[in-house]
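Student: let me see the structure of the following:
(2 chains)
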Protein chains: 2
Amino acid sequence: MAVSEVGNKQVIFKGYIDGIPKETDMELNFSNNIQFNQQLPSQALLVKNLYLSCDPYMRGRMRDFHGSYIPPFLPSKALEGFGVSKVIQSDNPNFKAGHYISGFTGWEEYSIITKTDQLRKIEPDDHIPLSFHLGLLGMPGFTAYAGFYEVCSPKSGEYVFVSAASGAVGQLVGQLAKLHGCYVVGSAGSKEKVELLKSKLGFDEAFNYKEELDLDAALKRYFPEGIDIYFDNVGGDMLDAALLNMKIHGRIAVCGMISQQSISDPKGIHNLSSLIYKRIRMQGFLQSDYLNLYPKFLEQVSSFYKQGKIVYFEDMNEGLESAPAAFVGLFLGKNVGKQVIRVAHE
Amino acid sequence: MAVSEVGNKQVIFKGYIDGIPKETDMELNFSNNIQFNQQLPSQALLVKNLYLSCDPYMRGRMRDFHGSYIPPFLPSKALEGFGVSKVIQSDNPNFKAGHYISGFTGWEEYSIITKTDQLRKIEPDDHIPLSFHLGLLGMPGFTAYAGFYEVCSPKSGEYVFVSAASGAVGQLVGQLAKLHGCYVVGSAGSKEKVELLKSKLGFDEAFNYKEELDLDAALKRYFPEGIDIYFDNVGGDMLDAALLNMKIHGRIAVCGMISQQSISDPKGIHNLSSLIYKRIRMQGFLQSDYLNLYPKFLEQVSSFYKQGKIVYFEDMNEGLESAPAAFVGLFLGKNVGKQVIRVAHE
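Tutor: As a prediction, this is how the structure comes out:
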C-alpha cells in the first residue's frame, strides 16, 4: 500500500511546572501529521487512540525529577498516559490490525507505540464499555483491588474509610469493601458526589469534607468506634485526622496524596505518634507490584460488573481539545467519577 | 511474726505536666512508712525494690490522657515503672519470699504489688546482672527483638539505620542487625555515644546528629544506596530525612518518638509521599503484642550475651534521690546506655 499522510492533532506538554497544573501548561498542536503504511520500527504498532485517561499521578511527570518510578514528560512532546486504542498497522506478532489494546500511548489522534511489552489486548465484550479499560478494569480499578485486598488485610465487619471516594479508585474500593462485609464511609468534595456515594455506590455514609470545619470531629461522628482501614487517596489534613481516629491494629493504605501533589512544600502530618500506641500499619503501594494478580482481578471485577454487583461512574469529555481542561479539573475536584477523554468514536 | 514498721522513701508524681519533664515535677517523700508482716491483700506481694527503670514512655503517663494503652500516673502518689525487686512477703503461691521478680512496681523502697499477673520470676544467673532484666532482658531489649525480627522483616545484607542507637533499645537493635548480616549505621547525640557505637557496639558507622546541619545529606553520605530498614526511636526531623532516603520496599519500624514526646504540637512530617512511590511499609508497634515470643527471646538473647556475641551498656544512678534527675536526663540525652536507678544493693 502506498504511504499516505493524515493530520494528527496532539496535546503538547509545554514545560516543567510548579503548583497546580493549568490549561496553559499544555497546548494543542494542529500542524502535526502521521504517515500510514510507513515502515514501522521493529515490534511497533501504529494505533488510533479512542480514549485517554486523566490520572493524578501524571502531575508527577510534569516536574523535572528523575528519582521516581516513572520518568518526567518531555517538554514540547505530546503528553503520555493510559489509553484505549485500535491497532491500524502492526509489526508485532502479538497484535493485529483491528485489535483493541490498552496501555501507554500519546495524547494525540494516532500514535506509534514502540514499547509494547506492557500493552494488553482487550477482548471486546458487548456488556463492558471499551473505556472501562482505563478505569474499572484498568490501572485505577486494579489499584483499588490490589490496595484493598493485598494492602488493607480486610476482615468482614470492619470499619472502612475511603477519601476521594467517588474518584476512579475510591468508588471501587468502597464497593469491594461492601461486598467484603465491611461498613464503609466515603469523603468527597461536593454535594453531588456525596449523593452519588450514598444513592448509587452503596456507601453506608458519605460526607463533603469541604463542609466540615473539623475533620477529626467529622470522623468521630461517622466512626464512633474508630476506623479499622483507611484507604487514603488524599494525604494532608484528612490523613492527620484519620490517624487520630484509627482503631488499634488499624491499617492505612497510602494510595495517593492528591491534596499534596502540586505543593512543593507539602503540609506536615502531626499525628504519627498514633502509629505507635495504636500499632498501626501504614503502607504505600503501587499497583504495578501486583501485576501477577491482574488476570484474577479482570475476571472477578468483570464478573461483579456483569452481575450488577458493582457499578462504575465515568466523567467523559469529548475530543482532544477538551483534554487540558479535563486534566486540570482533576486537581480541582471537578470530575465526578473516572475522568476519561474520548478522542474518537470506535 | 509481729507487725513492724519501717521508713519507705518515695518519689512522688506531683501533677500533670506540659513539655519536657523537670525534676521539680517529682518530689522525694521521706515521711512514708510501710508495715512488715501485715495481712497482705489476696495474691499480693510485699517487695523490696532493687532497681528501677527510667523509660521514655513514662512521659506519656504524666499527662491527663486516658486514651492510651496505659493509664496516667496518679498525682500525689509514687511513680510507677518497671523494676527488679526481691520478695519479702507473699500471699501468692507463684512467688515466695526470697524470689527475685521483674515487673511493674512503685518508685519507692518497698512496694505492695497487687497486680501480679504480669510479674516475672527471675532465675538468678551469676553471669547476668539482675538489673539487665530492666534493659537487655526486659522491656527495652524485648522491644528491640520483637521490632527487629517481627516488624522490620530483615534480610541478610540489608542496610539498617537506627536512631537513638546507643539507647536502651537501639543498642540491641544494632547488634541483632549485625548478627543478622546487615550493614548498620546509628545516630546519637554526643561524641561519646558515637564512639561507643563504633568501638564497643559493633556498628559499621555512627554519627552525631547534633553536628549535622542537614540530616538528609548525612543519611545520603552513610547510605549512598539508600536504607532498607529504619528503626525509628526519635520521630521528627530524622524520620522526615529517613523517608527521603529509603530504598524501594523499605520498612520503617516506628518504635518511639522521643524528639516529639514532650511537645503538645509535634513537628510535622512532610515527606510521606515517599511511602507511595517507594512502596514503604511504616509500622508502629508495642512489645506487649508479641509476649508469646518472650521465652524464646530470653533464651536467645541470654545465650548471645553469655557467648560474648552482644554487649549491653547501662547508665546506673545510685539511690532513689537520684531518680528524678535520671528520668529527666532521658529527654536531654544525658544517659549513655540504658538508664537504671539502683535503689538498694541486693
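
Student: which non-adjacent residue is nearest the residue of the stretch 201-346 of chain A at minimum distance from chain B?
Tutor: Nearest residue of the stretch 201-346 of chain A to chain B (CB to the nearest CB) works out as residue A:268 at 1.4 Å. All C-beta spots, glycine's among them, are computed from the backbone N, C-alpha and C. Once flanking residues are discounted, residue A:268 sits nearest to residue B:268: 1.4 Å by CB to CB, 6 or more residues apart in numbering or on different chains.

Student: show me the contacts for that neighbour.
Tutor: By CB atoms under 8 Å, 6 or more residues apart in numbering or on different chains, residue B:268 lies in contact with A:267-270.

Student: who wins on neighbours among these?
Tutor: Of all these, residue A:269 has the most neighbours under the rule other CB atoms under 10 Å in any protein chain shown, reaching 21 neighbours.

Student: and the pLDDT at that one?
Tutor: Residue A:269 carries a pLDDT value of 94.

Student: show me what the biggest helix by length in chain A is in contact with.
Tutor: For chain A, the helix with the greatest residue count under DSSP state H is helix A:294-306. Contacts to helix A:294-306, defined as CB under 8 Å, 6+ apart, come from residues A:125, A:127-128, A:132, A:136-137, A:141-142, A:145-146, A:172, A:179, A:310-312.

Student: just those that are near chain B?
Tutor: Subset of the contacts of helix A:294-306 in contact with chain B: empty, counting by CB under 8 Å from any CB of the partner chain.

Student: for the longest helix of chain A, output the C-alpha coordinates as CSV.
Tutor: Output of helix A:294-306 as CSV, limited to C-alpha atoms (Å, rounded to 0.1, in the frame of the first residue of the first chain):
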residue,chain,number,x,y,z
TYR,A,294,-4.2,-8.8,37.2
PRO,A,295,-5.9,-11.8,35.4
LYS,A,296,-7.7,-12.8,38.5
PHE,A,297,-8.8,-9.1,39.0
LEU,A,298,-10.0,-8.8,35.4
GLU,A,299,-12.1,-11.9,35.7
GLN,A,300,-13.5,-11.2,39.1
VAL,A,301,-14.3,-7.5,38.7
SER,A,302,-15.8,-8.0,35.1
SER,A,303,-18.0,-10.7,36.6
PHE,A,304,-19.1,-8.5,39.5
TYR,A,305,-19.9,-5.8,37.0
LYS,A,306,-21.9,-8.0,34.6
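
Student: need the mean per-residue confidence for that helix.
Tutor: The average pLDDT within helix A:294-306 is 97.

Student: quick one: buried residues of the following helix or strand past that helix?
Tutor: Per DSSP states H and E, the first helix or strand lying C-terminal to helix A:294-306 is strand A:314-318. By 16 or more other CB atoms under 10 Å in any protein chain shown, the buried positions in strand A:314-318 come out as A:314-317.

Student: low-confidence stretches in chain A?
Tutor: Residue ranges of chain A with pLDDT under 70: A:261-264.

Student: spell out which parts of it neighbour chain B.
Tutor: Within chain A, the residues that sit near chain B (CB under 8 Å from any CB) are A:60, A:68-69, A:235, A:239, A:254-257, A:260-261, A:265-286, A:289.

Student: all helices of the stretch 201-346 of chain A, in order?
Tutor: For the stretch 201-346 of chain A, applying DSSP state H, counting those that start in this stretch gives helices covering A:215-222, A:236-245, A:274-277, A:294-306, A:323-330.

Student: buried residues, the longest one. List them.
Tutor: Judged by neighbour count using 16+ other CB under 10 Å, the buried positions of helix A:294-306 are A:294, A:297-298, A:301-302, A:304-305.

Student: now the residues of chain A next to chain B: which count as buried?
Tutor: Using 16+ other CB under 10 Å as the burial test, those include A:60, A:235, A:239, A:254-257, A:260-261, A:266-286 as buried.

Student: so residue A:68 makes contact with residue B:277?
Tutor: Yes: at 5.2 Å, residue A:68 counts as touching residue B:277 under the criterion of CB atoms under 8 Å.

Student: what's the end-to-end length of stretch A:83-100?
Tutor: 10 Å (CA to CA, to the nearest Å).

Student: and if you look at stretch A:333-346?
Tutor: 29 Å.

Student: next one: stretch A:84-97
Tutor: Stretch A:84-97 has an end-to-end distance of 14 Å (CA to CA).

Student: what residues sit buried inside that stretch?
Tutor: Buried residues in stretch A:84-97 (16+ other CB under 10 Å): A:84-92, A:95.

Student: farthest-separated two in those?
Tutor: Farthest pair in the buried residues of stretch A:84-97 (CB to CB) is A:84 and A:91. Separation: 20.6 Å.

Student: state the helix or strand in which residue A:196 lies.
Tutor: Using DSSP H and E, residue A:196 sits within helix A:191-199.

Student: and what of residue A:88?
Tutor: If you go by DSSP H and E, residue A:88 is part of strand A:80-90.

Student: before we move on, what about residue A:175?
Tutor: Element membership for residue A:175 (DSSP H and E) is helix A:170-179.
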